[in-house]
Structure formats: structure tokens, C-alpha cells
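J.: model the structure of this input:
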Amino acid sequence: MNIRKIKLALTVGLMNLDPQGNALQLVRDLVTELKEAGSFLGLSRVRANDISETYALQFERCTIALDLVSNPKTQSHSVQGFRLQ
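T.: Numbering: from 1, shown residues only. Here you go, the predicted structure:
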């Protein structure tokens, strides 16, 4: 698995993300296109509090922990960071 390729694709995709777009769907679509990660297996919420949430996107060969920060006034989410596991 080429971790550098996955990180680069995610970084560029998140930089080009429309502020009103769905970050979870974008990450899922970007990584699904990469053969290194394999197919999408599932999504689960790992941690949540008032303003932040962490989701685990599971693929055949890796799991991506995606940290989101939410703005309750605008009902939008911003990506704080991600980790490959």
C-alpha cells in the first residue's frame, strides 16, 4: 500500500473541497478511486462532542480517522485533520 499516494490525494482533495460540500463523502470517493486502499467497507463515528467529531472510514487495506469540526450556526463541517491506520 502506498501511504504517501493516499495522503497526497486526500490533502489535495480536501484543499479543493467546496465549503458546503460533504467531507465524509469526498474522502470516501477519493480513497475508493485509489486501488491501494481497496474497496470501502464501512463508516463509524468514533468520538463526538459539542464541536468536533471523529469518524473511521474503513477500507480493505487501511482505515482513515477523519477529524471534523462543526459550526452549529451554519450547520457546516470543516476537516481538522486525518490519520491513516
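
J.: other SSEs contacting whichever strand or helix holds residue 29?
T.: Following DSSP states H and E, the helix or strand that holds residue 29 is helix 23-33. On a contact count with 3 or more CB pairs under 8 Å, 6 or more residues apart in numbering; DSSP states H and E, helix 23-33 meets helix 3-15, strand 40-48, strand 52-59, strand 63-71, strand 76-84. For the C-beta atoms, the positions are set from N, CA and C on the backbone; glycine is no exception.

J.: can you verify my assumption that residue 66 contacts residue 78?
T.: No: judged on CB atoms under 8 Å, residue 66 makes no contact with residue 78 at a distance of 11.3 Å.

J.: between these two, tell me which one has more neighbours.
T.: residue 66 (23 against 14; other CB atoms under 10 Å).

J.: that older thread, got the helices and strands packed on helix 23-33 as JSON lines, with distance to residue 31 and mean pLDDT columns?
T.: Rendered in JSON lines, the data for the helices and strands packed on helix 23-33 read as follows (distance: least, CB to CB, whole Å; pLDDT from 0 to 100):
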{"stretch": "helix 3-15", "distance to residue 31": "6", "mean pLDDT": "85"}
{"stretch": "strand 40-48", "distance to residue 31": "8", "mean pLDDT": "91"}
{"stretch": "strand 52-59", "distance to residue 31": "6", "mean pLDDT": "92"}
{"stretch": "strand 63-71", "distance to residue 31": "7", "mean pLDDT": "89"}
{"stretch": "strand 76-84", "distance to residue 31": "10", "mean pLDDT": "85"}
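
J.: cool, thanks, talk later.
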